[in-house]
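Q: Build me a model:
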Amino acid sequence: MRKLWVCGLALGMAGLVGCSGTGEDSKEAAPSATPSAVTLAISGRVKVELSTDDTGPDIGKPCTPPPGSKVKAGAEVRVTDGDGKILGTDRLDPGEANGSGLITCEFGFFFKVPGASENYVMTVEGFPPMSYTREDIRRGLSLWEDQGTLSQG
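A: Numbering: from 1, shown residues only. Below you'll find the model as predicted:
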């Protein structure tokens, strides 16, 4: 019985030594060549001028863009990578009045896309595509419609 106990102890100690490795710190291991999955949150607002004299809907209340505006609640917002692959879509939220002095009707959007690309193309339904870098998107997007043209604002 004593021989079995000593043998078991010796094997157990050998197993522990084998598990302890060489004593190298695992933090010094080379990073994996496979990139980790990254998700990029895309958020922003499309703004349309309503008035320059504080007239119009109360701030925070629902609003609609003026006649002639191409921005519409529910319009599709699409993001593609540089190769044209669709990465994500959303729809513009209902308009909400915002501002002081210059009152705007603002339509928000928010969604997530794979963040592996450096360059993205965003299209708001009814407008030409607009190019953005990953850093542009991280800062948040603010777009402005003026006389049927959408620009960064």
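Q: where exactly do the strands run in this structure?
A: 39-51, 76-81, 86-91, 96-98, 103-114, 119-124, 130-133, 141-146, 149-152 (DSSP state E).
Q: For Gly84, see how far away the closest residue to Ser142 other than its chain neighbours is.
A: Spatial nearest neighbour of Ser142, excluding adjacent residues (C-beta to C-beta, 6 or more residues apart in numbering): Gly153 at 5.3 Å. C-betas here are computed from N, CA, C, even on glycine. Applying C-beta to C-beta, to the nearest Å, the value for Gly153 to Gly84 is 26 Å.
Q: same check, this time on Glu118
A: Glu118 is 15 Å from Gly84, by C-beta to C-beta.
Q: Over to Ile59?
A: Counting by C-beta to C-beta, the gap from Ile59 to Gly84 is 39 Å.
Q: For Lys112, name its beta-bridge partners.
A: Ala41 (DSSP bridges).
Q: who are the neighbours in contact with it?
A: Residues near Lys112 by C-beta atoms under 8 Å, 6 or more residues apart in numbering: Thr39, Leu40, Ala41, Ile42, Gly88.
Q: Thank you kindly, that will do.
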